[in-house]
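Enquirer: Quick one: sequence and predicted model below, then my questions.
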Amino acid sequence: MKNKVIIIGAGPAGLSAAITLAEKNIAVLVIDEYLYAGGRLLGQLYEESPGKWWNGIAVSKRLFERAKALNVELLLQTSVSDLEKIEQEWTVHTNKGVFRTRQLLLATGAAESPFPIPGWTLPGVMSVGAAQVMTNVHRVKPGKRGVIIGVNVLSSAIAMELQIASVQVAAITLPATNLLTEDSGNPLEVMNSLLHVSQMAPSPLVKIGSKFMKNEFMKKLGITFYPKNGVKMWDIPIMLRKAVVEIVGKDQVEGVVIATVNTDGSIVLGSEKRIKADFVCIAGGLYPLAELASLAGCPFHYIEQLGGFIPLHNEQMETNLEGLHVAGNITGIEGAKVALAQGKVAALTIAYKLNTGTTKQEIQRAIEDVETTRANAHIQFHPEVLAGRQQLKKIWTESFLKVTK
Amino acid sequence: MQNKSMIVCRCEEVSYDELVEVASENNCSARELKLRTRAAMGYCGGRTCRTMVDHIAHKHHPRQDSEISLKYQAPIRPVRFAELGEVK
């Protein structure tokens, strides 16, 4: 197994890297914890433009079959528990044995960050991503009628997917504010971030007015007059002036208590009302899953726009540790297409080091492709993602460029 | 609202109120908050509550951007003793 490149994570970044390497006749081993290859790509299903659907399962299947045809070795249902460098080799400890390599790519993706609501430990409460996986990957309905708490790009996309699967979404609404939901429970903040992504959704929110809402006063006015029962998007009420104060039920979810909120997120006393639901989704957003980069000893930086602590890396997807590369959401929260493009860059960087006739121009073109893909992205998880990338680049340059030159 | 019974760390059963109280009394870092309450020290290794514990601490103690506030320790996934000891 010694000469193989090892990739941890069989999502879009990992698979695209594996395919690129295999096309250069480099042996690859891909390790993933899940049952199937594809990662979070598996759950994705949305209409990119009228009549043109992005079907994550189909894309995953194509990538998987291409990788198989190129003799990429895939080890699924395999968890990595530790990573260390022993005598110039990255040593990967898994529940299926120990693997060693000089060239390692971490493509471990992202995890969901929840927020707590009273009653959130009841059976029937899940992260919005879990509801997506149940519905789209396992084809099991999470329930008959659900409430999604947390209004953001991810939750509105998944609400639509649930709707397609005939699972009723009673409402997408805010969480009651506490220290952990200050932003996601503040109607003005939420409205702000939604307006930034308005190009994505054929939503009435857009009609209410990206144009209008350029200044703070108009936004405040918009949220003040925002209909208390919400605006419907794909027939699902989006309630920016309601918040869930409690999830209720005896042995499992039976409903939620919602209340009207003021423009700052504070509860209007006496406005509480109970609505029925048999499941609840919490949509708190995503953060890069960087456990292995941390164990390896990578330096990190907290970058809000990229979703959290990011392992420092350059545009070629190298970390400052010899033979350790990163690609996909571990480098910042973005869509699957960006991850695919990043995986290719990482693979070409590795191929270049292995002297396989890969040129610097090829790497450069792949980097430009990442930038183009980012600029044309259908979904942006953070409106300032580009600023986040630039900050990271600056930190990298300041920390390491002197050393390498 | 019943924040007292609102659990943040499920593995160690640490409530929201307890975390907020300890964080504000001690103005402590995320690591100190973890050590004082045992939040994020349970079976799952803080996979569920890590961001929440970090966030609460951050309200009382400035985050150091250049360092992960809650360190990761191996094993990052549950491992059988047999696997660790290579018992066949």
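Expert: That came in fine, so what should we check first?
Enquirer: What helix or strand is A:Thr177 located in?
Expert: Under the criterion DSSP states H and E, no helix or strand holds A:Thr177.
Enquirer: Might you report the residue contacts of the residue lying closest to it once chain neighbours are set aside?
Expert: Distance criterion C-beta to C-beta, 6 or more residues apart in numbering or on different chains; nearest residue to A:Thr177, sequence neighbours excluded, is A:Gly185 at 3.7 Å. For glycine as for every other residue, the C-beta is placed from the backbone atoms N, C-alpha and C. If you count contacts by C-beta atoms under 8 Å, 6 or more residues apart in numbering or on different chains, A:Gly185 has them with A:Leu174, A:Pro175, A:Ala176, A:Thr177, A:Asn178, A:Ala243, A:Val261, A:Gly265.
Enquirer: Show the model's pLDDT score for the last one.
Expert: Per-residue pLDDT puts A:Gly265 at 87.
Enquirer: what about it, which SS state?
Expert: At A:Gly265 the chain is in coil, as set by DSSP: H, G, I helix; E, B strand; the rest coil.
Enquirer: correct me, but it touches A:Pro187?
Expert: Yes: with contact defined as C-beta atoms under 8 Å, A:Gly265 counts as touching A:Pro187 (6.2 Å).
Enquirer: more neighbours, the two?
Expert: Neighbour count, other C-beta atoms under 10 Å in any protein chain shown: between A:Gly265 and A:Pro187, A:Pro187 has more, with 25 against 22.
Enquirer: residues in contact with the more buried one?
Expert: By C-beta under 8 Å, 6+ apart, the contact list for A:Pro187 reads A:Leu174, A:Ile223, A:Tyr226, A:Leu240, A:Arg241, A:Val261, A:Thr263, A:Asp264, A:Gly265.
Enquirer: Surely the fourth one and A:Phe225 touch.
Expert: What it means is A:Leu240. No: judged on C-beta under 8 Å, A:Leu240 makes no contact with A:Phe225 at a distance of 11.1 Å.
Enquirer: Have a look at those two and say which one is more surrounded.
Expert: More crowded of A:Leu240 and A:Phe225, by other C-beta under 10 Å: A:Leu240, with 25 against 10.
Enquirer: low-scoring pLDDT stretches of the chain, where are they?
Expert: Because you didn't say which chain, this covers chain A. Counting by pLDDT under 70, chain A shows low-confidence ranges at A:1-3, A:196-222, A:402-405.
Enquirer: Chain B is the one I meant
Expert: Checking chain B against pLDDT under 70 turns up B:1-4, B:86-88.
Enquirer: at 80 instead, please
Expert: In the predicted model, chain B carries pLDDT under 80 at residues B:1-5, B:82-88.
Enquirer: For it, which segments are assigned as strands?
Expert: Using DSSP state E, the strands of chain B run over B:7-9, B:14-15.
Enquirer: okay, the ones you listed, which one's buried deepest?
Expert: Neighbour counts (mean count of other C-beta atoms under 10 Å in any protein chain shown) averaged over each of these peak at strand B:7-9, with a mean of 24.
Enquirer: ok, that strand near chain A or not?
Expert: Yes: applying C-beta under 8 Å from any C-beta of the partner chain, one finds strand B:7-9 touching chain A at B:Ile7, B:Val8.
Enquirer: same for that strand, what does it pack against?
Expert: Strand B:7-9 sits against strand B:14-15, helix B:16-26, helix B:50-58, with contacts defined as 3 or more C-beta pairs under 8 Å, 6 or more residues apart in numbering or on different chains; DSSP states H and E.
Enquirer: out of these, nearest to chain A?
Expert: helix B:50-58 (3.9 Å; C-beta to the nearest C-beta).
Enquirer: is any part of that closest one close to chain A?
Expert: Yes: contact between helix B:50-58 and chain A, assessed by C-beta under 8 Å from any C-beta, occurs at B:Thr51, B:Met52, B:His55, B:Ile56.
Enquirer: In this structure the second one contacts A:Phe115, no?
Expert: It refers to B:Met52. Yes: assessed by C-beta under 8 Å, B:Met52 is found in contact with A:Phe115 at 6.9 Å.
Enquirer: Which residues are in contact with each of those two?
Expert: Common neighbours of B:Met52 and A:Phe115 (C-beta under 8 Å, 6+ apart) are A:Leu180.
Enquirer: and stretch A:96-105, C-alpha only, in PDB?
Expert: Output of stretch A:96-105 as PDB, limited to C-alpha atoms (Å, rounded to 0.1, in the frame of the first residue of the first chain):
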ATOM      1  CA  LYS A  96     -10.000  -1.500   9.200                       C
ATOM      2  CA  GLY A  97      -6.300  -1.300   9.900                       C
ATOM      3  CA  VAL A  98      -3.400   1.100   9.500                       C
ATOM      4  CA  PHE A  99      -2.500   2.700   6.200                       C
ATOM      5  CA  ARG A 100       0.600   4.700   5.300                       C
ATOM      6  CA  THR A 101       1.300   7.300   2.600                       C
ATOM      7  CA  ARG A 102       3.600  10.200   1.800                       C
ATOM      8  CA  GLN A 103       0.900  12.100   0.000                       C
ATOM      9  CA  LEU A 104      -2.400  12.500   1.900                       C
ATOM     10  CA  LEU A 105      -5.500  14.500   1.000                       C
END
